[in-house]
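# Quick one, structure for this:
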Amino acid sequence: MKPVAPAGRGHWLGTLKARLMIASVLVIACSVLGSASVLLARVEARSEQAMLDLEGDHIERLASLVGQRVVAMQNMLRATADTLPPAARSDVAAAVAFLSDRAALRVTFDTVFVADAAGHVLALSVGNQTLPSALNLAGRDYFIRTVSQGAPVVSSPIVGRVSRSHVIMFTVPVFDSRRQVKAILGGSIRLANRNLLDDLTFSVRGAEKGELTVVTDATGTVVSHPSRDRIGGRVEHELLLADAVAHWDSQGRPIEPSPLVLHRGNAFVSMAGVPGADWMLFRVTPDAQLLGGMVQARREAWQWAGGVALGGGLFITGLLALLLGPLTRLRQRARRLHEADLPLEAGWPTARGEIGELSHALRQALQQGASVARAQEALMKRLHSIMAAAPIGIAFTRERRFELVSAEFSALLGWGDGTLEGRDARTIYASELDYDALGPQVALAFAAGQPFVGERQFCRRDGSIFWGRLQGSPVDAKDLAAGAIWLLEDVTTQRAAHERLSWSAEHDPLTRLLNRSAFDDRLVQALRDQTAGTPAALMFLDLDHFKSVNDNAGHAAGDAVLKQVADLLHEQLRGADAAARLGGDEFALLLSHCSGTAAMARAEQLCRAIRALGVEHRGQWLGIGASIGVVQLDAALAPLPADWIACADAACYRAKSSGRGQACVGQLQLPASPRPSPVPLAVPVSL
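Purely as a prediction, here's the structure:
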């Protein structure tokens, strides 16, 4: 008895206890994680919306603050322009004196100037100095807009003529009493070293957190940026603002004070128009900064879920170990069922409930199984005795394999006793195709409630082939999977005898050619083939001078001559041709796939060949010849073989009457009566 291997870790994982533990842990984990995930998803969705609203309010306030600063600077210029005396609107000295007294403007702006309506700068303040200037602003866009519109203008970032760096120009018109623009008061802010928006767009703490605030004009030119080298550049080059700029472009780049906030990737991107300046304010805030608490909450939720699942799994494992202890002992006892040295009643666990019932049921099943095994063993002994005494081979197969084979069956196939059992049934068949075709035939017979009987070629173990009669019946007609019982006997001798009888019934015993009956059958088939357009011809041969051979040399010599003619006809046959002895010295030849012209040519050759035949008797050569009638078959003229044989016979008679040793063509004409009669038209052909 092979010892049972101890249970390993892999085997333990396949136990019911392990599966219950794993399932419990998974259920707890999935429940906790599922609930946490749903709650977190809802909280995150609400938090994200709250962050969107918060960012919208934030950028709207920032845009309002920027607008207020711009408006305040414009109002400062406006209030100063209202005090500009008329002389300072065209006189250089008056303009210089006026700006020299305006310290507040010089502190607010990097440069302050007064220009007349033609664009000539009358006075220019740079730092603490106020001097006349030769600059002309007539070609500047902001100057043209201020004069033409008569309203304050805030320019886009441009390169200043004085500072040679990017500046923003603030200008207000100065009117006379008739509301005509007489002068321009303006100031500039250098964006590179004194940014009016520094406290909004740049902070060390914000940069460390990945925040970005950018201000542009209506065309997208950067007005304020944490990086000074980006001022005057294009907002399209800011990768973090790509989605916001694309959305702004799709709307036609409007300057709207209402905010727009997008959550793209790992950041919130917001934008809003700056009122009073036609600027746009863009802001990027990493979502980790706004939603970082949610990320931490999600991480903690997963950790708590894992801890709860693990704790629950350990608790369930201990509980299952306590409850399923009897089941473990039952499994161990079940693994030793086939140990012969272990008593049947030993080793079973004592338990209540389902496990106790299962243990009791297994003991009863084992007892019944032992009884059945003893009964089957006795039955198999009796069955072996019956099979050994049977004079015919008997075998039992199931699922196309031998399960029980008699000694006679094994000996018939050249196998030792018991060596066929367990082998594939295909082993004993001579042909794989024959075996494959046998299955459907057997199934059809069994389904009809009949035994299968058939003859097949079988192969012995030494490779020799024999014919056997196979008979089979199912063990259970309602359950073919239960197997089948087979009887096998060698019928090679009987089959050979039957084939000899069948051959004798169709052939002439002397010449071994077909007899009249068999030839008629072949002729009928040839006429049927006429419908497929297959040409065929018929010859009727009558030997010349054959009576002289019989009279002078005797019937034995005549039989020898007939065999010579038969051998000659055999040489003339092709695959589908047929030759027959119709009686006495009359023969017939059926030529398939042969036209009338070709048949006449072969008839002429045959006449010449037969003239060389004969026997020598008492120093004298007794030769023979042949007269042949040839007809081209046509099933449309007559469907009966007798009509065509009669037609060929008539043509042969014509050839014999015309001098013998030649062939004549016969033709069957359509008669006036319903039944055709042969009317040969014989044309002799001289040899």
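
# What's the separation between the spatially closest residue to residue 57 that is not a sequence neighbour and residue 273?
Leaving aside its chain neighbours, residue 57 sits nearest to residue 259 (7.6 Å; criterion: C-beta to C-beta, 6 or more residues apart in numbering). Every residue, glycine included, has its C-beta placed from N, CA and C. Going from residue 259 to residue 273 by C-beta to C-beta, to the nearest Å gives 9 Å.

# burial measure for the residue nearest to residue 57, as a count.
Neighbour count for residue 259, taken as other C-beta atoms under 10 Å: 22.

# oh, and call the first residue 36 from now on, that's how I've got it
Done: numbering now begins at 36, and the last item shifts to residue 294.

# what's it in contact with, if anything?
When contacts are counted by C-beta atoms under 8 Å, 6 or more residues apart in numbering, residue 294 touches 90, 91, 92, 94, 95, 98, 305, 306, 307.

# so the second one is in which element?
This means residue 91. Secondary-structure element containing residue 91, defined by DSSP states H and E: helix 51-117.

# The last one now?
With elements delineated by DSSP H and E, residue 307 resides in strand 302-309, which encompasses its position.

# Would you mind listing the outside residues contacting that strand?
86-87, 90-91, 93-95, 97-98, 101-102, 105, 245, 250, 275-276, 278-279, 283, 289-298, 314-322, 325.

# how far out from the middle of the chain is that strand?
Chain-centre distance of strand 302-309: 49 Å, with C-alpha atoms, centre = their mean, to the nearest Å.

# do stretch 592-601 as well
Offset of stretch 592-601 from its chain centre (C-alpha atoms, centre = their mean): 73 Å.

# go on, stretch 519-528?
On C-alpha atoms, centre = their mean, the centre of stretch 519-528 falls 48 Å from that of its chain.

# what's it in contact with?
427-433, 444, 447, 477, 481, 490, 493, 501-510.

# one more time with 7 Å, if that's ok
With C-beta atoms under 7 Å, 6 or more residues apart in numbering as the contact definition, stretch 519-528 has outside contacts at 427-432, 444, 447, 490, 501-510.

# Please apply the same query to stretch 127-144.
Contacts for stretch 127-144 (C-beta under 7 Å, 6+ apart): 108, 111, 115, 119-120, 122-123, 147, 149, 157-158, 160, 165-167, 222-224.

# one more time with 6 Å, if that's ok
122, 123, 147, 149, 157, 158, 160, 165, 167, 222 (C-beta atoms under 6 Å, 6 or more residues apart in numbering).

# beta partners for the spatially closest residue to residue 83 that is not a sequence neighbour?
The shortest distance from residue 83 to any non-neighbouring residue, by C-beta to C-beta, 6+ apart, is to residue 298 (6.3 Å). Per DSSP bridges, the residues bridged to residue 298 are residue 303.

# Who are the contact partners of residue 481?
The neighbours of residue 481, taking C-beta under 6 Å, 6+ apart as the test, are residue 509.

# element containing it, please.
Element membership of residue 481 [criterion: DSSP H and E] is helix 467-482.

# For that helix, C-alpha coordinates in PDB please.
Provided in PDB are the C-alpha atoms of helix 467-482 (Å, rounded to 0.1, in the frame of the first residue of the first chain):
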ATOM      1  CA  GLU A 467      -8.200   3.500 -39.500                       C
ATOM      2  CA  LEU A 468     -10.900   4.600 -41.900                       C
ATOM      3  CA  ASP A 469     -12.800   1.300 -41.400                       C
ATOM      4  CA  TYR A 470     -12.700   1.900 -37.600                       C
ATOM      5  CA  ASP A 471     -13.800   5.500 -37.900                       C
ATOM      6  CA  ALA A 472     -16.800   4.500 -40.100                       C
ATOM      7  CA  LEU A 473     -17.800   1.700 -37.700                       C
ATOM      8  CA  GLY A 474     -18.800   4.100 -34.900                       C
ATOM      9  CA  PRO A 475     -21.800   5.700 -36.600                       C
ATOM     10  CA  GLN A 476     -23.000   2.400 -37.800                       C
ATOM     11  CA  VAL A 477     -22.900   0.800 -34.300                       C
ATOM     12  CA  ALA A 478     -24.600   3.900 -32.800                       C
ATOM     13  CA  LEU A 479     -27.400   3.700 -35.400                       C
ATOM     14  CA  ALA A 480     -28.000   0.000 -34.800                       C
ATOM     15  CA  PHE A 481     -28.000   0.400 -31.000                       C
ATOM     16  CA  ALA A 482     -30.400   3.400 -31.200                       C
END
